[in-house]
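1. Okay, structure incoming, though there's no sequence with it:
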């Protein structure tokens, strides 16, 4: 069992995980009610990965995320309001309504625009890390990808170069066992799809319980430290599980009840919550209060976003090329 | 003012920009290996000595990596300049160029921007179908990219410097027969032009009128701008006066200069080495059919490579690529129309 940190830190992690869970659940219901437009690829169930990895990053560090970006973006500090507005396609969205659910992000807090091409962000992360190295900063890039991306050609090209150039990057595979609906066992012969490939590139790797925020946070600390010190990349493979389907309308008919039951019994938030209570870090009342406050804040942002102005249709013609602004 | 080849003019642009701005760096396979060529066409040779291995980055043969690194470094404040060796390899990095580099500024609501330059040698040079293509037209179709094609040493330096300073992804098509570098090419055109030492840029979206004329407007880029000028000389003696316009940049495209010329001549011909169907000539032709049909006295002519892969054997390669003779024939027909 990984050591419980002091209270402020433990509660900080708990709050962030709850925010992600409640954000995703709220969006799920809005979507089912037909209120939320577009498509959704949700990250609930994988909150520990986002929070464990990102909790100790600096604002000047970068994250690169995927078509399932909400948890990572919220953990890196993209504002809840700008996320929710983007989900509703509003002008105040973090991408002014031009991105949508799969492209949220805010470069000003180090959250690179999320990437909906599987594996597309892996070489970009190498470029971001190269920049951190070339400008002699000790900042790092943390690049999230799924089990499916480990079979992309970009994985090979990016990881090989990251190793050769000793780039300050942490490649984080959130292995949730399914590439969309296909079991990763059908498409890869390795038990650990990313970590076992580390040897091929000369990159150290670790396999971590992806539902244990403290386990992830400790592994993150080691990997980030290595990157900051100029010792090169690390692969972390976090074993985790989606609560929902791959995307909207996916009822997960390819997963067995038994498998779901087993994974849901190790829910990252429920198990961390139980530890907080058992170890006397927080009381039931404190935790309930936290959860209620987060929900109230999310509900307020939903209302705000629903009433926020739509983008002008003609604004679609702008920003094809850069018009200045945030560097 | 020194007489330089295009290869050396490009090199000078890179050197000056790398001295001026420490965020500019070069990368690519073989970009500058001791004892190597300096890219495939000598442009980057010698940069390693001046700027060191951190800013002259020899990469694995990994096009997704090269382009992805440009996107990532570009979006976080660097100005990467990649040498692709052969433009044909652009297809190995299409996701990074089209889905990533071109769309990131837009998808982010204008918050992210990606300065990056992809240097793509192009043109048929007896190397067979996979080291031969003229690829400009694939990329003019992609909103978010800029596409340029310098054909003189002066333009090569000025446009390259402008490309490096641009805050968007720029694809630079450099013709292998126009480089004039140390690597000898059969059929190369010997061009050395005056290039000012020191800083100047050539603005994007400004075509160059290479020869004035009053009967036919010929729009031609890269190698074809030389063949068009050669044809124009012959035609002049036959009493047909051609105005030859080199667009210099395809995105943005200077329709205004061409329109001014067409209003004078009433006849428009477009010549490019890219294939006929869906080539950039089709776009220009469509534009003038749509906007200037009443300024035209005859149907527009597009002289382009035939719709085949580029063959190896010289008689076939020469047949497929527009020759000066083909331009002459087309112009004579157009003059009669």
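-> That came in fine, so what should we check first? Since we're looking at a predicted model, the values are computed, not measured.
2. Compute the number of surrounding residues for residue A:90.
-> For residue A:90, the count of nearby residues is 21 (other C-beta atoms under 10 Å in any protein chain shown). Yep, even glycine has a C-beta here, placed from its N, CA and C like the rest.
3. and the closest residue to it other than its chain neighbours, what is it in contact with?
-> Excluding the flanking residues, the one nearest residue A:90 by C-beta to C-beta, 6 or more residues apart in numbering or on different chains is residue A:308, at 4.3 Å. Going by C-beta atoms under 8 Å, 6 or more residues apart in numbering or on different chains, residue A:308 touches A:85, A:88, A:90, A:91, A:92.
4. The helix or strand encompassing the first one and chain B, any residue contact?
-> In this structure, residue A:85 sits in helix A:80-87 according to DSSP states H and E. No. Helix A:80-87 lies out of reach of chain B by C-beta under 8 Å from any C-beta of the partner chain, never closer than 8.6 Å.
5. what comes up buried for that helix?
-> Residues of helix A:80-87 classed as buried by neighbour count (16 or more other C-beta atoms under 10 Å in any protein chain shown): A:80, A:81, A:82, A:83, A:84, A:85, A:86, A:87.
6. related to what we said a few turns ago, quick one: which two of the contacts of residue A:308 are the most distant?
-> Greatest spatial distance among those (C-beta to C-beta): A:88 and A:91, at 10.2 Å.
7. More neighbours: these two, which one.
-> Neighbours per residue (other C-beta under 10 Å) separate residue A:88 from residue A:91, with residue A:88 holding more: 21 against 15.
8. right, and that one touches residue A:306 too?
-> Yes. Using C-beta atoms under 8 Å, residue A:88 makes contact with residue A:306 at a distance of 6.3 Å.
9. Show me where the chain has its strands.
-> Going with chain A. A:62-64, A:111-112, A:141-146, A:169-175, A:178-179, A:182-183, A:205-209, A:234-239 (DSSP state E).
10. ah, no, chain B please
-> Under DSSP E, chain B gives strands at B:2-4, B:24-28, B:56-58, B:79-83, B:116-122, B:146-148, B:169-175, B:193-195, B:208-211, B:216-220, B:242-246, B:249-251, B:268-275, B:301-305.
11. The ones you listed into TSV, with extra columns for distance to chain A?
-> As requested, the strands of chain B are exported to TSV (distance: least, C-beta to the nearest C-beta, whole Å):
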stretch	distance to chain A
strand B:2-4	29
strand B:24-28	7
strand B:56-58	8
strand B:79-83	8
strand B:116-122	9
strand B:146-148	8
strand B:169-175	10
strand B:193-195	28
strand B:208-211	23
strand B:216-220	24
strand B:242-246	23
strand B:249-251	10
strand B:268-275	23
strand B:301-305	27
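12. Looking at these, which one is packed in the most?
-> The highest mean neighbour count among the strands of chain B, using mean count of other C-beta atoms under 10 Å in any protein chain shown, belongs to strand B:216-220: a mean of 29.
13. Sheet-wise, list the partners of it with their directions.
-> Partners of strand B:216-220 in the sheet, by DSSP bridges, are strand B:242-246 (parallel), strand B:268-275 (parallel).
14. Residues contacting that strand, please?
-> B:207, B:227-228, B:231-232, B:235, B:240-247, B:258, B:261-262, B:264-265, B:267-272, B:281, B:284, B:327, B:331, B:334-335.
15. now that strand and strand B:301-305, what's the angle there?
-> Using axes from the mean of the first three to the mean of the last three C-alpha atoms, to 10 degrees, the inter-axis angle of strand B:216-220 relative to strand B:301-305 is 30 degrees.
16. Could you check how far strand B:216-220 is from the centre of its chain?
-> Here strand B:216-220 shows a centroid-to-chain-centroid distance of 17 Å under the convention C-alpha atoms, centre = their mean, to the nearest Å.
17. next one: stretch B:162-169
-> Centre-to-centre, stretch B:162-169 and its host chain are 15 Å apart (C-alpha atoms, centre = their mean).
18. and residue 102, how many residues sit next to it?
-> Looking at chain A here, since you left the chain open. For residue A:102, using other C-beta under 10 Å, the count is 21.
19. Chain B, not that one
-> Counted with other C-beta under 10 Å, residue B:102 comes out at 23.
20. tell me the contacts of it?
-> Residues in contact with residue B:102 (C-beta under 8 Å, 6+ apart) are B:142, B:143, B:144, B:145, B:169.
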